[in-house]
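Undergrad: need a structure here:
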Amino acid sequence: MNEENFQNTQNYILLKIENYLRQQADLYGEDLLFFNLPNSEEAKRNTEKDELSTNPVSEPSMQTLFETEKNFSTNGGRKIKPKTVVEEEGLFQPVVDKSWNIDPNWNESQSLDELNSKIKNCLKCPLGSSRKNFVFGTGNPNAKLVLIGEAPGADEDEQGEPFVGRAGQLLTKILSAVQLSREEVFICNILKCRPPNNREPLPSEIEACEPFLRKQINLISPKVILCLGRTAAQALLKTNASLTELRNGVYNYSGIKVLVTYHPAALLRNPNWKRPTWEDMQRLRKMYDELE
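TA: Down below sits the predicted model:
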């Protein structure tokens, strides 16, 4: 093994360790002191660099406007201030590169089916070259409630639908427990393509895919969004707060109420989280019943 390969392997191991510690931080909250590992940020950059060199794409930065939320929740005296996404007409004009393999007029879609047909062949980031299926989302196109997870897994990538594996089966049961069905809601993810080995989405991948999610939400026009897991919540709300903190608040995304709970896959790993998830779902059901 030459020096360059050794360095890449070392960086990859450091990145895996950091991801594990972040997952532990979700469980133990402030009781776990989390420090950035040496060179962990460099490892992330090298990982992105390696992927981009393997699957080169043109990826311009996307301008996103945010307005700080005035009303924010507190947890143990610590203030959590996610940002409210604001889409001002005429200011959000995404640039479309022909190499992305998407319809340049995708943002003018008038329905979810039309949007899916225009972006399903997307090659905007390297994940487009490694996926089996583009996982757009399923459910009621006029749903009052949208559930957003992190990214497709192996089963989702195989079938082209979100939450169809073991975690998806558990999600169906969770919804049923509060008298909701999958047909009644809309379910999707932050990313539309599966990251390799189910790793966490990279910031560049979230940036590339988020405009599609924003368009989906705009077309559905839900009253409530439920984020499943820390990654989805942090990406949507633009915050670094822990899942323990985020679960205690009600947030605002472009005028839509947002709640946060555990990802079903996390419940499969740790059944002790099922009780707090049930409490979160009861809060959601109460809010759902109060909708106009």
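
Undergrad: what about the strands in the stretch 101-250 of the chain?
TA: 138-139, 145-149, 186-189, 224-228 (DSSP state E, counting those that start in this stretch).

Undergrad: For the stretch 101-250 of the chain, give me the ranges with low pLDDT.
TA: Across the stretch 101-250 of the chain, nothing is flagged by pLDDT under 70.

Undergrad: Going by neighbour count, which residues of stretch 255-267 are buried?
TA: Of all the residues in stretch 255-267, those buried under the rule 16 or more other CB atoms under 10 Å are 256, 257, 258, 259, 260, 261, 262, 263, 264, 265, 266, 267. (C-beta placed from N, C-alpha, C; glycine too.)

Undergrad: what about residue 124, how many neighbours?
TA: Residues lying near residue 124 (other CB atoms under 10 Å) number 25.

Undergrad: Am I right that it is in contact with residue 209?
TA: Yes - if you go by CB atoms under 8 Å, residue 124 and residue 209 touch, sitting 7.4 Å apart.

Undergrad: what about residue 259, which helix or strand?
TA: Following DSSP states H and E, one finds residue 259 within strand 256-261.

Undergrad: OK, contacts around the closest residue in space to residue 120 that isn't next to it in sequence?
TA: Excluding its sequence neighbours, the residue lying closest to residue 120 (CB to CB, 6 or more residues apart in numbering) is residue 134, at 4.5 Å. Going by CB atoms under 8 Å, 6 or more residues apart in numbering, residue 134 touches 119, 120, 121, 122, 128, 160, 192, 193.

Undergrad: Please check these and keep the buried ones.
TA: Buried members of the contacts of residue 134, scored by 16+ other CB under 10 Å, are 119, 120, 122, 128, 160, 192, 193.

Undergrad: Quick check: the second one touching residue 137?
TA: No - if you go by CB under 8 Å, residue 120 and residue 137 don't touch, sitting 11.3 Å apart.

Undergrad: that older thread, for the strand holding residue 259, give me every contacting residue.
TA: Residues from elsewhere that reach strand 256-261, judged by CB under 8 Å, 6+ apart: 217, 222-228, 233, 236-237, 243, 246-247, 249-252, 276-277, 280-281, 283-284, 287.

Undergrad: Which ones among these map onto helices?
TA: The helices, defined by DSSP state H, take in 217, 233, 236-237, 243, 246, 276-277, 280-281, 283-284, 287 from these.

Undergrad: Report the two of those separated the most.
TA: When CB to CB is used, the two most widely separated members of the ones in helices among the contacts of strand 256-261 are 217 and 276, lying 25.8 Å apart.

Undergrad: who has more neighbours, those two?
TA: residue 217 (21 against 14).

Undergrad: so how far is residue 198 from the more buried one?
TA: Plainly put, residue 217 is 24 Å away from residue 198 if you go by CB to CB, to the nearest Å.
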